[in-house]
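Asks: whatever this is, show me its structure:
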Amino acid sequence: MDGKRLKSIIGGSAGNLVEWYDWYAYTSLSLYFAASFFPKGDPTAQLLATAAIFAVGFLMRPVGAWLMGVYGDRHGRKAGLALSVALMAAGSLMIAFAPTYASAGVAAPIWLTLARMVQGLSVGGEYGTSATYLSEMATRERRGFWSSFQYVTLIGGQATLSEAQLEAWGWRIPFVIGALLAVAVYILRRRLSETASFSTQSTERPPSTIGNLWRHHPREFILIAVISAGGSLSFYAYTTYMQKFLVNTSGLTKTASSQVMTIALIVFALLQPVWGLISDKVGRKPLLIGYGLSGAFLAVPIFTALASVQTPAAALGLVLIPLTLLAAYTSIGAVYKAELFPAHIRTLGVAFPYAIGNALFGGTAEYVALWFKQTGIEAAFYWYVAGFCALMALAFALLPDSAKNSLIAED
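Replies: The predicted structure follows:
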């Protein structure tokens with residue numbers, strides 16, 4: 001791989017890190033700031049309220065995917081990447097300086113909701129644009145490996161403050177840091193090279209619209225939405241919600257839960273290029289169907305065992321089982337989708353169906369899980385995850401192996 005291509009992939013991945021660091025800072029720190037935005041009461045009720053706002057952010061993601069998917073197809077991948085990270089900076093600053101319920105009353109959760117809507121627009125466009133950019137910049141022989149770095153960069157920093165400091169004011173610091181990093185990445189992304197797939201297109205190419213996407217690629221649209229629903233639900237169940245599950249159900253302390261998930265996510269990140277490289281050797285489809293089937297069979301026993309886990313070490317061992325398998329999907333899910341679409345509609349084709357499935361089932365994962373818990377049937381959530389993993393396996397079986405039938409013209 002030449003230096004220019006490598007620089008572009010590193011730049012795209014760095015921006016992705018900031019985007020998703022800012023997005024997940026909300027759910028990672030909501031254990032600490034939930035009481036700041038809502039009246040005092042039951043901790044589960046407060047978490048339900050913050051999870052509802054989290055879901056609202058997800059509902060904005062299809063809008064962001066539509067707007068920036070079209071923007072990226074019409075004006076370039078580089079332009080879309082810059083716009084998405086600028087919006088994330090704005091949303092993070094809004095959260096960092098948000099008023100509390102004690103000082104502003106009902107205006108506090110309204111402000112928080114608006115900030116998450118801005119971030120939702122940003123992330124809705126980021127996934128499709130970064131997936132398209134990385135896929136088009138990588139070489140065919142190592143596309144799975146290089147594109148896997150989209151998920152490697154999901155791992156952000158962890159604040160080293162005491163629990164009391166985090167609950168009082170420390171939770172604001174990661175959002176300030178994230179906003180500043182987003183500004184730096186905006187400058188970086190403006191200097192990236194455009195992809196050949198976009199630059200060499202005919203000026204008479206069909207327009208990138210939702211109508212054309214549905215008209216010419218209905219099968220891919222539906223199946224990618226199903227795949228994204230199962231993949232996003234699995235991802236949030238085993239990452240962001242898992243931290244709350246270990247505290248709220250297993251009984252671990254907030255500190256122990258954070259430590260378990262920090263280690264688990266680092267391992268999860270390191271597994272991405274491993275699975276990506278394997279997919280370049282054996283194809284995408286066997287790995288993707290493999291996760292769908294294993295996720296369907298393991299969700300119920302894993303969650304059941306975690307519900308009664310006694311030690312952080314045991315919790316870590318159990319969490320790593322589904323995360324290791326999930327990495328087979330997250331490492332190549334984006335490049336798989338990018339390879340299914342022609343260049344003139346690729347960004348929208350990746351972004352919009354993904355955002356639909358992600359918003360409906362990924363963004364609501366925490367809320368659904370907490371609702372099942374509050375109503376006394378928490379185990380129903382385990383079966384909910386298992387069922388969608390089974391649907392993922394079926395959807396992948398109905399699609400071609402994109403590594404062998406790629407529509408990226410340079411292949």
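Asks: I figured Ile53 was touching Leu112, is that so?
Replies: Yes. Contact criterion CB atoms under 8 Å: Ile53 and Leu112 qualify, at 5.8 Å. C-betas here are computed from N, CA, C, even on glycine.
Asks: now His217: how far from Gly125?
Replies: 19 Å (CB to CB, to the nearest Å).
Asks: of these two, who's got more company?
Replies: Taking other CB atoms under 10 Å, His217 and Gly125 do not tie; Gly125 has more neighbours (32 against 18).
Asks: pretty sure that one contacts Gly69?
Replies: Yes. Using CB under 8 Å, Gly125 is in contact with Gly69, at 6.8 Å.
Asks: just to revisit the earlier point, Ile53 and Leu112: which has the busier surroundings?
Replies: Higher neighbour count among Ile53 and Leu112: Leu112, with 26 against 21, using other CB under 10 Å.
Asks: buried ones in whatever helix or strand the more buried one lives in?
Replies: Element membership of Leu112 [criterion: DSSP states H and E] is helix 107-137. Neighbour-count burial for helix 107-137, counted by 16 or more other CB atoms under 10 Å, picks out 108-109, 111-112, 114-137.
Asks: try stretch 210-217
Replies: For stretch 210-217, by 16+ other CB under 10 Å, it's Ile210, Leu213, His217.
Asks: neighbours around the closest residue in space to Val247 that isn't next to it in sequence, how many?
Replies: The shortest distance from Val247 to any non-neighbouring residue, by CB to CB, 6 or more residues apart in numbering, is to Ser257 (4.8 Å). If you count neighbours by other CB under 10 Å, Ser257 ends up with 22.
Asks: moving C-terminal from whichever helix or strand Ser257 is part of, which element do we reach first?
Replies: For Ser257, the host element (DSSP H and E) is helix 254-282. For helix 254-282, the following helix or strand on the C-terminal side (DSSP H and E) is helix 285-307.
Asks: shaky segments in the stretch 151-300 of the chain?
Replies: Along the stretch 151-300 of the chain, segments meeting pLDDT under 70 span 151-170, 195-196, 199-204.
Asks: and with 50 instead?
Replies: When residues are selected by pLDDT under 50, those of the stretch 151-300 of the chain lie in 154-165.
Asks: need the strands for this structure, in chain order.
Replies: For the chain, applying DSSP state E gives no strands.
Asks: out of everything not next to it in sequence, what's closest to Ala305?
Replies: Ala305 sits nearest to Leu318 (CB to CB, 6+ apart), 5.5 Å away.
Asks: meant to ask about Val385, not that
Replies: Per CB to CB, 6+ apart, closest to Val385 is Ala299, 4.3 Å.
Asks: check contacts around that neighbour.
Replies: Ser234, Ala237, Pro322, Tyr382, Trp383, Val385, Ala386, Cys389 (CB atoms under 8 Å, 6 or more residues apart in numbering).
Asks: just these: which are in helices?
Replies: Among the contacts of Ala299, DSSP state H puts Ser234, Ala237, Pro322, Tyr382, Trp383, Val385, Ala386, Cys389 in helices.
Asks: gap between the closest residue to the fifth one other than its chain neighbours and Ile210?
Replies: Nearest residue to Trp383, sequence neighbours excluded (CB to CB, 6+ apart): Val300, at 6.1 Å. In this structure, Val300 lies at 37 Å from Ile210, with CB to CB as the measure.
Asks: emit the PyMOL select command for whichever of the ones in helices among the contacts of Ala299 are buried.
Replies: The following PyMOL line selects those of the ones in helices among the contacts of Ala299 that are buried, judged by 16+ other CB under 10 Å:
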select buried, resi 234+237+322+382+385+386+389
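Asks: what is the nearest of the ones in helices among the contacts of Ala299 to Leu265?
Replies: Leu265 has its nearest neighbour among the ones in helices among the contacts of Ala299 in Pro322, at 12.8 Å by CB to CB.
Asks: you'd agree that closest one is up against Thr239?
Replies: No. The criterion here is CB under 8 Å, and Pro322 misses it with Thr239 at 10.0 Å.
Asks: so what's Thr113 up against?
Replies: Counting by CB under 8 Å, 6+ apart, the residues that Thr113 touches are Ile53, Val56.
Asks: pLDDT weak spots in the stretch 301-411 of the chain?
Replies: 411.
Asks: okay, the ones in helices among the contacts of Ala299 in a markdown table with distance to Pro62 next?
Replies: Formatted as a markdown table, these follow (distance: CB to CB, whole Å):
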| residue | distance to Pro62 |
| --- | --- |
| Ser234 | 20 |
| Ala237 | 21 |
| Pro322 | 27 |
| Tyr382 | 27 |
| Trp383 | 27 |
| Val385 | 22 |
| Ala386 | 26 |
| Cys389 | 22 |
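Asks: thought Tyr291 was touching Leu325, still the case?
Replies: Yes. Using CB under 8 Å, Leu325 is in contact with Tyr291, at 5.4 Å.
Asks: what about these two, which has more around it?
Replies: Tyr291 (26 against 22).
Asks: state the distance from that one to Gly363.
Replies: 20 Å.
Asks: same question, Ile377
Replies: Distance from Ile377 to Gly363, by CB to CB: 21 Å.
Asks: one step back: for Phe352, see how far away the residue nearest to Val385 is.
Replies: Ala299 is 27 Å from Phe352, by CB to CB.
Asks: also Arg61?
Replies: With CB to CB as the criterion, Arg61 and Phe352 are 10 Å apart.
Asks: ok, the closest residue to Val319 other than its chain neighbours - contacts?
Replies: Of all residues not flanking Val319 in the chain, Ala264 sits nearest, at 4.8 Å (CB to CB, 6+ apart). Residues in contact with Ala264 (CB under 8 Å, 6+ apart) are Met242, Leu316, Val319, Leu320, Leu323.
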